[in-house]
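Participant: output the structure for:
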Amino acid sequence: MNNIISILILLILTVITGWGDTQFFIHSSQIWQKGRIIWPEIVKSTFGVSIAIVSYWLALKYLQEFKIISAEIQTILWFLIVIIGVAAVSGKFSTWPATEKIISLVIIVGLGWLLIKTGG
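Facilitator: Sure, this is the predicted structure:
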């Protein structure tokens, strides 16, 4: 039962981390408009990355419980979550041509392969 709770907490923290980083990237891309700084976008971006950092630090406790201590593996997990989040939140993924969608899915599968083959 403890493992199930730990997995659930880790999944929740991972989703929160991904959401925060997604907000960071989406809003950071909007901070400069026509040569002017857009302060509300900086605030939203800062809030997102702050949430992501704290939730990631908390998630590390549970990753270590499952012996996922490699920085490389943690980075691959982070990348997978963030790239999926940015594609979903931006709404642009649905407008990509089929070729680009297939390539992105192949990349995600490839990252998953690396996770498995490197002992993640």
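
Participant: alpha carbons only for contacts and neighbour counts from here, please
Facilitator: Noted.

Participant: neighbours around the nearest residue to residue 39 once chain neighbours are set aside, how many?
Facilitator: The shortest distance from residue 39 to any residue other than its chain neighbours is 7.0 Å, reached at residue 31 (C-alpha to C-alpha, 6 or more residues apart in numbering). For residue 31, the neighbour count with other C-alpha atoms under 10 Å is 19.

Participant: can you pull out the residues in contact with the helix-or-strand element of the chain with minimal mean pLDDT?
Facilitator: Every helix and strand of the chain was ranked by mean pLDDT, DSSP states H and E. The lowest is helix 71-90, at a mean of 80. Outside helix 71-90, the residues that touch it by C-alpha atoms under 8 Å, 6 or more residues apart in numbering are 14-15, 18-19, 21-22, 25-26, 68, 93, 108, 111, 115, 118, 120.

Participant: now with 10 Å?
Facilitator: For helix 71-90, contacts defined as C-alpha atoms under 10 Å, 6 or more residues apart in numbering pick out 14-26, 56, 60, 63, 68, 91-94, 104-105, 107-109, 111-112, 114-116, 118-120.

Participant: whichever of the residues you listed end up buried, select them in PyMOL.
Facilitator: The PyMOL command for the buried members of these (criterion: 16 or more other C-alpha atoms under 10 Å) is given here:
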select buried, resi 14+15+16+17+18+19+20+21+22+23+24+25+26+56+60+63+68+108+111+115+120
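
Participant: of the contacts of helix 71-90, which belong to helices?
Facilitator: Judged by DSSP state H, helices contain the following of the contacts of helix 71-90: 14-26, 56, 60, 63, 104-105, 107-109, 111-112, 114-116.

Participant: re the thing from before, can I get the least confident helix or strand of the chain as PDB, trimmed to CA atoms?
Facilitator: Only the C-alpha atoms of helix 71-90 are listed here, as PDB (Å, rounded to 0.1, in the frame of the first residue of the first chain):
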ATOM      1  CA  ALA A  71      20.200  13.100 -13.200                       C
ATOM      2  CA  GLU A  72      20.000  11.900 -16.800                       C
ATOM      3  CA  ILE A  73      16.900   9.800 -16.100                       C
ATOM      4  CA  GLN A  74      15.300  12.600 -14.100                       C
ATOM      5  CA  THR A  75      16.000  15.000 -17.000                       C
ATOM      6  CA  ILE A  76      14.400  12.600 -19.600                       C
ATOM      7  CA  LEU A  77      11.300  12.300 -17.400                       C
ATOM      8  CA  TRP A  78      11.200  16.100 -17.000                       C
ATOM      9  CA  PHE A  79      11.600  16.600 -20.800                       C
ATOM     10  CA  LEU A  80       8.900  14.100 -21.700                       C
ATOM     11  CA  ILE A  81       6.400  15.800 -19.300                       C
ATOM     12  CA  VAL A  82       7.200  19.300 -20.400                       C
ATOM     13  CA  ILE A  83       7.200  18.700 -24.100                       C
ATOM     14  CA  ILE A  84       3.800  17.000 -23.900                       C
ATOM     15  CA  GLY A  85       2.500  19.800 -21.700                       C
ATOM     16  CA  VAL A  86       3.600  22.600 -24.000                       C
ATOM     17  CA  ALA A  87       2.200  20.800 -27.000                       C
ATOM     18  CA  ALA A  88      -1.100  20.300 -25.300                       C
ATOM     19  CA  VAL A  89      -1.500  23.700 -23.700                       C
ATOM     20  CA  SER A  90      -0.300  25.700 -26.700                       C
END
